[in-house]
Each structure stands twice: as C-alpha cells, then as structure tokens.
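Participant: Test case, fold it:
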Amino acid sequence: MSRPVALLLLLLAPLQALAVETMRIAMGDSHGEVRVSGRGLSFGPDTEDARFSPLNQEGVIVRRRGSRLELNGAPVMGNAVRFRAGGADSDDAGVPGSSPLRAGDMQVRGDVVVRLYKDGLQLINVIPLEDYLTAVLGSEMPVSFPPEALKAQAVAARTYALQKKLETYGSPFHMGSSVLHQVYGGVNREDPRTRAAVEATRGEVLTYELAPIEAYFHASCGGRTETGQDALQRDLPYLQAVDCPCGRLPASRWSATVSDSELHSALGQSTEGFRVTSRTPTRRVNRVATSGGASLDGAAFRRKLGYTKLKSLEFDVERTSGGWHFNGRGYGHGAGLCQWGAKALADQGLSYRDILLHYYPGTELQQLY
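Facilitator: Numbers count the residues shown, from 1 in each chain. From the prediction side, this is the model:
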C-alpha cells in the first residue's frame, strides 16, 4: 500500500467513531497572555478524548509564567490547555452549532488550545472541517458568486485542507489562517450561502491516484492558468495551463506604478532599473535582471515589491519619469482553480464538478465521508 493511501486511511479511521473530521488551525501567537471567553466555558487537556471541567465563568486569562501556564493566576499541568464553550457534557459541545469562543481577536467554533510556544503562547483552533470550510469560503471568495462557483471552491478548500493534514500528521497544527495557506476569519466570515455550498458538497474531495491533491487556487489567472511547476515549483500532473474565461473580465486587469526609490528599497541594492529576461509559456515573468547585475526569479521579484502592488507575474512594464508603470492581468500565482473563472463558468451553466475537472484535469471527485 502506498504511503499517501495508508495515511489517508489512518486520517479517516477516527471518523467512523466520531463522525466529525477536525482541523487544527494556528490562529496566531501571543507574547505572554491571552483572554479566552465563551458561554458555558470549560477546560481540559489537549487530547481528543479529554474530559472538560466547567470554569463557572465566561472568561479566563491564560498567562505564561516561565515554563508553565496559569489560568487566572492558578497553575495548570502540561504545556497546553484546551477550552470549549457550551458546557462540558452538552450534546452540542465541540460540534457544528456549538457556542463560539473568542480568543484574542478572533471568534471561532470548535475548541481553542493555548500552548507554550517559543517565548510566548500559541493559539490553535480545533474545529470541525465543515465549519472551518464555511468560514474559509467567506474569506476566500465573494459570497455573491454563483452557487456552483462556491461549491467548486468548497471542494478545492476541503481537498487542500485534508492534503495539508496528511502532510503535517502528528504536528501541533495543520495550517495557519493567513494567505500562506487558506484565509480563515472565524465566525465573522460565515454566511448562509457558504454554509449551503459546504453542505451540498459535504465530504467530497479531489483525488489523483487515490490521494487528495494539492488543490491550489487563486483569484484570477488573466485568461490562462499557470502550470504548477512554473507557478509554485510543484510539477504535478493536474496543475496544467488551461484556458479560462476570466481574461475577458475587468477584474482580471490591473496597473501599478513603482517609483525608483520604491524599487531601490524593495531590491535592497543600488539600481537604476531592471528588465525582464525570460517568461513562461503563459507570458508570466520568469526572471528579471537589475541594472546592478542581480538576477531574480519572478516570484522573488513580486514578493519584494509586494503582492498587492504586483498582483501577478503576467505584466508589461514601461519606464516613466522617475518610476515604472506596470500593466498586468490576473491576481495571484495562477495555478489551479481560478475563482473569477469559476464564476464565469458557473454563469455559463457549468456545474461545480465540470468547473473542478476543468482546472484540475485528470483528477477524480470522490466522496470520502
């Protein structure tokens, strides 16, 4: 049995008993203390079979004192403590519909773990996967998009999450909550339309050779997606360049102006400019060379100038008085599902299954639970 398949079976083994697949999402770090609050607040150890004790209050301060944790000044055993709202023994504790918790500046469903981390504290949300996806959709895609586009995003996000869980199995957390993984804003990003899309696709994932794929996605490709190799250095058979209708949408166009001083500051060297030296087959910038003699790959160049400044690597640039003017297409790395393209295809009447198989050719849509 291959390792991905064996891990997948191991991943889903607890599901048959608990009927709930969970994710561990890093919410952020705190220097020395954090407030956790919620109705019917209880606490226990950070284990899946933990017994929770009621706190008889709706808020608690967790502090780090050297190498130990304190709850409202009282020491607790272990390097982590887990909180749950709704009561320790209530039927809905820790499952969809349970009372939300607030930890730091986020309100979330599921449980919250506070653990010792480096010189401070780390917050981790242990949340049912389907609840997590409901908030991810509200953070990653406009909720006004057609239902079939939202469903396609739900399947891509579920697949991405499960693949990351397999990849990080046994780690304290599976993913972060920022754009480096999937944007997750907690309860405030939920919407009835995202909940409906998640429920309509419950348990569905994309697989290749029986394992969940690396289901990358982005906002807009500008008319043609990029290969996984050129976009992310991930040479995957299902991340190929495909045509996309988003190129006709105004949302795919952008422009930016960068001054000489901004360019100098971003590149960290004395330079009077740069030039594009190579492009990928989809016309995205592959490498640039500065007048100071440095050579950078396109991804590093975009990162240094800022992702919000250079929204993609498909751009043309011209010299202006005291700066550089960019005209570009697309928003993001360009690999996998194009969100604005998914909207356009849904508007044309395609189902979420058709949309997914267009952007991830060669994959299969499977029902895992």
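Participant: how about the helices in the stretch 1-150 of the chain?
Facilitator: For the stretch 1-150 of the chain, helices defined by DSSP state H, counting those that start in this stretch occupy the ranges 3-18, 129-140, 147-167.
Participant: can you tell me which of these the model trusts least?
Facilitator: Of all those, the minimum mean pLDDT falls on helix 3-18 (a mean of 48).
Participant: so who does the nearest residue to P147 once chain neighbours are set aside touch?
Facilitator: Once flanking residues are discounted, P147 sits nearest to A197: 6.3 Å by Cβ to Cβ, 6 or more residues apart in numbering. C-beta here means a position set from N, CA and C on the backbone, and glycine is covered the same way. A197 is in contact with 137, 147, 150-151, 153-154, counting by Cβ atoms under 8 Å, 6 or more residues apart in numbering.
Participant: Next: P147.
Facilitator: 193, 196-197, 200, 346.
Participant: now D131: how far from W254?
Facilitator: Per Cβ to Cβ, to the nearest Å, D131 is found 34 Å from W254.
Participant: who has more neighbours, these two?
Facilitator: Set D131 next to W254 and count neighbours by other Cβ atoms under 10 Å: D131 wins out with 26 against 20.
Participant: Give the burial count for G59, as a bare number.
Facilitator: G59: 12 neighbours (other Cβ under 10 Å).
Participant: Can you tell me who it pairs with across the strands?
Facilitator: Under DSSP bridges, the beta-bridge partners of G59 are S37.
Participant: Tell me how far it lies from R329.
Facilitator: Counting by Cβ to Cβ, the gap from G59 to R329 is 49 Å.
Participant: follow-up on the earlier one: of the contacts of A197, closest to Y307?
Facilitator: Q153 (20.0 Å; Cβ to Cβ).
Participant: List the contacts of the closest residue to the closest one other than its chain neighbours.
Facilitator: Counting by Cβ to Cβ, 6+ apart, Q153 lies nearest to M141, which is 4.8 Å off, once chain neighbours are set aside. Neighbour list for M141: 149-150, 153, 339 [criterion: Cβ under 8 Å, 6+ apart].
Participant: In JSON lines: these, plus neighbour count.
Facilitator: As requested, the contacts of M141 are arranged in JSON lines below (neighbours: other Cβ atoms under 10 Å):
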{"residue": "A149", "neighbour count": "26"}
{"residue": "L150", "neighbour count": "28"}
{"residue": "Q153", "neighbour count": "29"}
{"residue": "Q339", "neighbour count": "25"}
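Participant: what's the most distant pair in those residues?
Facilitator: L150 and Q339, at 9.9 Å, using Cβ to Cβ across the contacts of M141.
Participant: Could you pull up the mean pLDDT of stretch 242-251?
Facilitator: On average, stretch 242-251 scores 93.
Participant: Taking the centroid of the protein, which residue is nearest it?
Facilitator: Q182 (0.7 Å; Cα atoms, centre = their mean).
Participant: Quick check, that residue in contact with Y160.
Facilitator: Yes - judged on Cβ atoms under 8 Å, Q182 makes contact with Y160 at a distance of 6.3 Å.
Participant: Strands of the stretch 151-300 of the chain, start to end?
Facilitator: All strands of the stretch 151-300 of the chain, identified by DSSP state E, counting those that start in this stretch, fall at 204-208, 211-212, 217-218, 253-259, 274-279, 285-290, 295-297.
Participant: Partner strands of the third one, with direction?
Facilitator: Which is strand 217-218. strand 337-338 (parallel).
Participant: hey, which helix or strand in this protein has the poorest pLDDT?
Facilitator: helix 3-18 (a mean of 48; mean pLDDT, DSSP states H and E).
Participant: Flag the shaky bits of the stretch 201-350 of the chain, pLDDT-wise.
Facilitator: Flagging of the stretch 201-350 of the chain using pLDDT under 70 yields the residue ranges 269-271.
Participant: What ranges does it have for its helices?
Facilitator: Taking DSSP H, counting those that start in this stretch as the test, the helices found in the stretch 201-350 of the chain are 228-232, 260-267, 298-305, 339-347.
Participant: on that earlier part again, among the contacts of P147, name the buried ones.
Facilitator: By neighbour count, with 16 or more other Cβ atoms under 10 Å, those hold 193, 196-197, 346 as buried.
Participant: Of these, which is the nearest to N125?
Facilitator: A197 (20.8 Å).
Participant: Quick check: the gap between that closest one and S139.
Facilitator: For A197 relative to S139 (Cβ to Cβ), the value is 13 Å.
Participant: got a list of what L368 touches?
Facilitator: 12, 162, 203-205.
Participant: I'd like to know how far it sits from R319.
Facilitator: 53 Å.
Participant: My read is that G362 contacts E209, right?
Facilitator: No - counting by Cβ under 8 Å, E209 is not a contact partner of G362; they are 9.7 Å apart.
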